[in-house]
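Peer 1: From the sequence below, what's the structure:
(one chain, ligands or ions: 2)
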Amino acid sequence: MTAPALVALRDVGKTFPSGLVALAHYDLDVREGEILTLLGPSGCGKSTVLRLIAGLASPTAGAIEWSAPQIKNNIGFVFQDATLLPWANVFDNVYLPLRLSGVSRTAAALRVEDALEHVGLHNFSRALPRELSGGMKMRCAIARALVTRPELIMMDEPFAALDEVTRFKLNDDLLALKRRLGATIVFVTHSVFEAAYLSTRIVVMSRRAGRIIDEIAIDPAIERNDDFRSSKTFADVRHRASQALRVSIEEAAS
Ligand code: ADP
Ligand code: MG
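Peer 2: Numbers count the residues shown, from 1 in each chain. Ligands and ions are numbered 1, 2, ... in the order given. Next up, the predicted model:
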């Protein structure tokens, strides 16, 4: 059974004023509860898809359809750079989205603490960003995205700059968080390994105007752990995703 689409891109186009066509005739359903990963070479339009869904940019053609308008008004966004305010401590960085929507510091305190607890940073609320490791900065950015309790979270290559050990740890923590919160996640990565490990569905995009080359579903019931990493399913998904990515890159070069 396919879950209903929270948001759907229908025949979407995005042409920049320069004339560059980032997306053309692009269709994508984001279904409730999934971890949907967009995989594709640099410049294929992955960030553009996230920005359109988040309302940070508008399509130049087609439509974005929402199952419920309140979801659209509360989307969590995590960027590749943690983008923390350097002069503000962890608490204040996470408080920011609530502050911007007019919630007082006192009224926000429990929700900020709760978000910090979710990412394991509850003992670091007074720390400044420069005192945190790369992984902790990213946890702080994730807490900031969670603090408004969004049903839909966009993550744009959030772990790309981290070393592999930290990345694996954050992958597992993200999955645990997902189990606790039940939110829907749209995730962007360059990494076939990361896509195969995290996703319930992978969409491989071509550099040519974001065309979708392949779509790979992974049973959400399969537990993601070290056994999964050494399973045949994981190897099969990786193999298929790598092949699609190769087609995508060859298309880009031709
Ligand atoms: P990805 O995230 O897959 O690397 P992007 O969505 O960032 O790709 O970009 C898709 C294409 O659109 C690229 O060719 C990029 O240079 C171009 N692009 C992105 N943002 C803008 C912009 N604001 N103005 C002009 N071109 C842009
Ligand atoms: Mg990008």
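Peer 1: Not counting its neighbours along the chain, what's nearest residue 215?
Peer 2: Residue nearest to residue 215 in three dimensions, not counting chain neighbours: residue 203, with 5.3 Å by CB to CB, 6 or more residues apart in numbering. For glycine as for every other residue, the C-beta is placed from the backbone atoms N, C-alpha and C.
Peer 1: ok, now how distant is that neighbour from residue 72?
Peer 2: Look at residue 203 and residue 72: by CB to CB, to the nearest Å, they are 21 Å apart.
Peer 1: try residue 231
Peer 2: Distance from residue 231 to residue 72, by CB to CB: 37 Å.
Peer 1: With neighbour numbers in mind, choose between the two.
Peer 2: Here residue 231 and residue 72 are compared on neighbour count by other CB atoms under 10 Å; more neighbours surround residue 72, at 17 against 13.
Peer 1: which residue sits closest to that one, ignoring its sequence neighbours?
Peer 2: Of all residues beyond its chain neighbours, the one nearest residue 72 is residue 66 (5.0 Å), with distances taken as CB to CB, 6+ apart.
Peer 1: Identify the bridge partners of the one you found.
Peer 2: Bridge pairing for residue 66 (DSSP bridges) gives the partners residue 7.
Peer 1: show me the contacts for it.
Peer 2: 6-7, 72 (CB atoms under 8 Å, 6 or more residues apart in numbering).
Peer 1: Give me the buried stretch members for the strand or helix carrying the residue nearest to residue 215, please.
Peer 2: Taking DSSP states H and E as the criterion, residue 203 maps to strand 201-205. Neighbour counts over strand 201-205 (16 or more other CB atoms under 10 Å) mark 201-205 as buried.
Peer 1: From residue 149, how far off is residue 97?
Peer 2: Distance from residue 97 to residue 149, by CB to CB: 11 Å.
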